[in-house]
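Student: Provided below for reference: sequence and predicted model.
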Amino acid sequence: MPCPACYATPLPWEIVPTTTKSPSITLRFMADPTDVIQSGAQGVSGGRVLEWIDKAAYACAVGWSGTYCVTAYVGHIHFRRPIPSGHLVEVRSRIAITGRSSMHIVNEVFSADPREGVFTRACDCLVIFVAKDTKTGKATAVEPFVPSTEEERRVEEAARTRIELREAIQAEMEKQTYSDDSDAPRLITRFLAKPTDVNWGGKVHGGTAMEWIDEAGTACSMEFSGERTVAVYAGGIRFYKPIAIGDLIEVDARLMRTDRRSMQMSIHVRSGDPRGGREELSDAIHATVTYLGVDLDGNPLPARQFVPRTEEDKRLAEHANILRDLRAEYSPLPLIEQVQPRNID
């Protein structure tokens, strides 16, 4: 009979359960040439960066909650600089605050040229996940996160200052209607959700959907401006319902307003049973994303100006102004402290 002591040390393929929960996670990988979607572009697409963030934040949320989670909101996304293909990428996600079933997660994306070995920040944002019961599909309670350091308490307070702003923006967005009474620059694509888009819960991955959003916004802004464009800011991406494999997907990108350099887009993702056609589609995701035209060296270019003419286009242009003013009015505390570049560990 084998000696019981022989099994005291786990075999390499055995999983050792742990009761220690970590409120943070860091992912590292290389940016591939296939992450760059525009010929001649200086860096990875904004949609691919959002996909990375969603995956890291999902891993953080699942690790804390111990159950399947869904993306509910992604906001305050600042694309500070491009990430070149071949860079080593580091995505850091950490819990800021928890609600009954929600987890507010702060995310930072850094990258470094492996030949130089110095990480600098490229992007940061806040993502909210909701924990779900795997049997009922209903929201389920998560363990409260209690800050234990000064930095964790600072991040918690900063995240709380964004709650009222988020509610004000949501209320303003719910007032709007989007019909065909428009001559604004617009691009609509339709396709079926593929099995390769699926996440671990059997629905379309939130990061994949955010890639769809950026691709449509980029294409629409490029068609209007006649220049290569890049996403520089997303004020909020709201997820209203899950998207199933085989659903008919409609991504509708529409220009709302231009500034001297920027183009502010409203982008809807709608989904439904393809047998019902477009009339059966309903909102799954809504985002507002700002783009800049850039030259071959990545320098900003003056934006071609859009003049709204229909009543709806004029109202949506004013809506874009209100969203900007709300962010200035609430002035939330910064989630991320400025840090000095650091060498690869």
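Tutor: Sure, I can see it. Numbers count the residues shown, from 1 in each chain.

Student: so who does Val230 touch?
Tutor: Val230 makes contacts with Ala41, Gly43, Gly46, Phe79, Pro82, Thr218, Tyr291, Leu292, Val294, Gly298, as judged by C-beta atoms under 8 Å, 6 or more residues apart in numbering. All C-beta atoms are positioned from the backbone trio N, CA, C, and that covers glycine.

Student: between the residues you listed, which is closest to Ala184?
Tutor: Tyr291 (14.3 Å; C-beta to C-beta).

Student: how close does the closest one sit to Asp259?
Tutor: 11 Å (C-beta to C-beta, to the nearest Å).

Student: also Phe79?
Tutor: According to C-beta to C-beta, Phe79 stands 17 Å off from Asp259.

Student: higher neighbour count, those two?
Tutor: Phe79 (23 against 14; other C-beta atoms under 10 Å).

Student: count of residues packed around Pro302?
Tutor: 12.

Student: that one contacts Thr258, doesn't it?
Tutor: No - using C-beta atoms under 8 Å, Pro302 is not in contact with Thr258, being 9.9 Å away.

Student: tell me the domain boundaries of the protein?
Tutor: Domains of the chain are assigned by automatic domain parsing as 22-156, 178-333.

Student: just the strands in the stretch 201-345 of the chain please.
Tutor: 228-239, 248-258, 262-272, 282-294, 342-343 (DSSP state E, counting those that start in this stretch).

Student: dump the ones you listed into TSV; add mean pLDDT and distance to Gly66 as well.
Tutor: Listed next are the strands of the stretch 201-345 of the chain as TSV, based on pLDDT from 0 to 100; distance: least, C-beta to C-beta, whole Å:
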stretch	mean pLDDT	distance to Gly66
strand 228-239	91	21
strand 248-258	97	31
strand 262-272	97	29
strand 282-294	96	26
strand 342-343	66	32
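
Student: so which of the ones you listed comes closest to Cys60?
Tutor: Short answer: strand 228-239, nearest of the strands of the stretch 201-345 of the chain by C-beta to C-beta, at 17.1 Å.

Student: strands paired with that closest one, and their directions?
Tutor: Strand 228-239 has the following strand partners under DSSP bridges: strand 69-79 (antiparallel), strand 282-294 (antiparallel).

Student: mind checking how far it is from the chain centre?
Tutor: Centroid separation for strand 228-239 versus its chain: 8 Å, with C-alpha atoms, centre = their mean, to the nearest Å.

Student: for Ile237, grab the count of nearby residues.
Tutor: Neighbours of Ile237 using other C-beta under 10 Å come to 26.

Student: tell me which helix or strand Ala131 sits in.
Tutor: Using DSSP states H and E, Ala131 sits in strand 118-131.

Student: report the mean per-residue pLDDT for that strand.
Tutor: Summarised as a single mean, pLDDT over strand 118-131 is 94.

Student: okay, angle between it and strand 228-239 too, please.
Tutor: Here strand 118-131 points in a direction 30 degrees away from that of strand 228-239 (axes from the mean of the first three to the mean of the last three C-alpha atoms, to 10 degrees).

Student: packing partners of strand 118-131?
Tutor: helix 46-65, strand 69-79, strand 88-98, strand 102-112, strand 342-343 (3 or more C-beta pairs under 8 Å, 6 or more residues apart in numbering; DSSP states H and E).

Student: buried set for it?
Tutor: Buried residues in strand 118-131, defined by neighbour count with 16 or more other C-beta atoms under 10 Å: Phe119, Arg121, Ala122, Cys123, Asp124, Cys125, Leu126, Val127, Ile128, Phe129, Val130, Ala131.

Student: Asn107 versus the fifth one, what's the distance?
Tutor: This means Asp124. 6 Å.

Student: elements contacting the longest helix along the chain?
Tutor: The longest helix of the chain (DSSP state H) is helix 150-174. With contacts defined as 3+ C-beta pairs under 8 Å, 6+ apart, helix 150-174 has these neighbours: strand 69-79, strand 88-98, strand 102-112, strand 228-239, helix 311-330.
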